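In: Below are the sequence and a predicted model for it; my questions follow.
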Amino acid sequence: MTSRRNPLMVHSACRAIGVAGLPATLLLFGLAAWPPAGPAEGRAENPGTLSAEDRRQVGMGWGITGWGLVEVGDYRRAAEAFAAASLLLPDEAGALVGLGLSRLRLFQDEPAREALERALRVDPQVGRAHALLGAVYERRGEARTALRHYEVAFDQDPNDVAVQERLPAVRRAARYDARLDRLFSAHFVIKYPGPRYRAVASAVGDRLEDVYRSVGRTLSYYPAERVTVILYSKREFRSVTASPGWAGALFDGVLHLSTDEAGRASSLGRAALRHEYAHAAVHRLSRGRAPAWLSEGLALHCEGGEASRGMRRPSGEGAKEPLRLLHGNFLERAPDAARVAYAESYGATAELIRRYGMGRVKDLLAALAGEPDFSRAFEMTFGERYSDFDRRWLSSHGTDGQSGERGG
């Protein structure tokens, strides 16, 4: 059917909504490389000047383009394409789901929520909307609302593996969330288990504001949106987060902190807060695409002081591990293997900072926000292949937990 469309007619329709620069044949096949922002920003001519058929064809073209851009991880341009599609086809729930997905991947949680809620008003049964809303609310730390959406998504599609995998953890979190009080600071929402922990939560909030400034100076980054923090007793931290015994904190879009760890006023307690908040900053800068070794290395760098200098050199040939094998999180590793992974992550990151400076490392995080392939983003930023850096790092440093300039 697409091949029978008249390219001149479609080009005329494109001109009417302000996208005449897009070759009509690319639009027809959903291969547009740069959906301009005009239609989404309201700067286009009135789409009402188009015939219903023209609106449908051009809108479908933008939708196809949007899903193609999602496939390659270009969520910014995908959002623009879906916004153009939804302007032309306001009753097309699928375009709104695509817009919500793209906004979610761009860490624009409120626009994502709005698009997905609109999709459900258009079509309460539209696929993926509830699962994506579950992810939005889970990242906000609103476990009970997230659970409601995940359960609807599971009823709609019991074979959705991603939803199946999230449900047990979200159910545990929702049971715990029902007991939590909330405290708000300038940059954090702190959820804590009742009046008994109010003083601890207040102290953690004050320390986190200090951390926001100190890590912000290190990374030259001060996010405007609040970060959600959930405090647990030591026992509840293990049972709710299902984390290993050696972990006292974790970040998964929300900061999860044991009160034993976060409540300490010592230098180690402050270092733990700097470490976990640094994960949140790196996550937002890279749109969640930084590999574990870089995220952990930067978090350890942001700790500073004794915590960073305490990274000891792993010994033995068996400890050597290429960085490409350290992209997944370390929580499933045994304690000794985790220590090796953290030490290598710290050393490799310190070497990057020594060689290129923190500004260029931050540029890598920004590149990852638009380029999902880490090797390509690395080469674009530093002008050397990731595989070459990895090989040189292993041969010149082994699995040193430190670069030569930082000492042992």
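Out: Nice, I can see it.

In: Only the buried residues of the one helix or strand Arg284 maps to, if you could.
Out: Following DSSP states H and E, one finds Arg284 within helix 267-285. Buried residues in helix 267-285, counted by 16 or more other CB atoms under 10 Å: 269-285. Yep, even glycine has a C-beta here, placed from its N, CA and C like the rest.

In: May I have the phi/psi pair for Phe251?
Out: Per-residue torsions, Phe251: phi -130, psi 130 (degrees, to the nearest 10).

In: Could you measure from the closest residue to it other than its chain neighbours over to Pro124?
Out: The shortest distance from Phe251 to any non-neighbouring residue, by CB to CB, 6 or more residues apart in numbering, is to His279 (3.9 Å). According to CB to CB, to the nearest Å, His279 stands 37 Å off from Pro124.

In: Please apply the same query to Val200.
Out: From Val200 over to Pro124 (counting by CB to CB), the distance is 43 Å.

In: now Leu326: how far from Arg196?
Out: Noted for Leu326: a distance of 39 Å to Arg196, by CB to CB.

In: The two - which one has more neighbours?
Out: Ranked by neighbour count (other CB atoms under 10 Å), Leu326 and Arg196 place Leu326 first, with 22 against 10.

In: ok now do the spatially closest residue to the more buried one that is not a sequence neighbour, which residues does it touch?
Out: Of all residues not flanking Leu326 in the chain, Trp293 sits nearest, at 3.9 Å (CB to CB, 6+ apart). Counting by CB atoms under 8 Å, 6 or more residues apart in numbering, Trp293 makes contact with Leu323, Leu326, His327, Ala341, Glu344, Ser345, Ala348, Thr349.

In: at 7 Å instead, please
Out: Counting by CB atoms under 7 Å, 6 or more residues apart in numbering, Trp293 touches Leu323, Leu326, Glu344, Ser345, Ala348.

In: May I see the buried residues of the helix or strand where the fourth one lies?
Out: Under the criterion of DSSP H and E, Ser345 resides in helix 335-356. Buried residues in helix 335-356, counting neighbours by 16+ other CB under 10 Å, are found at 338-353, 356.

In: what's the answer for stretch 213-226, then?
Out: For stretch 213-226, burial by neighbour count (16+ other CB under 10 Å) applies to Ser214, Val215, Thr218, Leu219.

In: What about those, which are in helices?
Out: Ser214, Val215, Thr218, Leu219 (DSSP state H).

In: Out of those, flag the one nearest to Arg140.
Out: Here the nearest of these to Arg140, counting by CB to CB, is Val215; it sits at 21.1 Å.

In: quick one: which of the buried residues of stretch 213-226 is nearest Trp62?
Out: The shortest approach to Trp62 among the buried residues of stretch 213-226 belongs to Leu219, at 36.0 Å (CB to CB).

In: Which residue, other than its chain neighbours, is closest to that closest one?
Out: Leaving aside its sequence neighbours, Leu219 sits nearest to Ala281 (CB to CB, 6+ apart; 5.6 Å).
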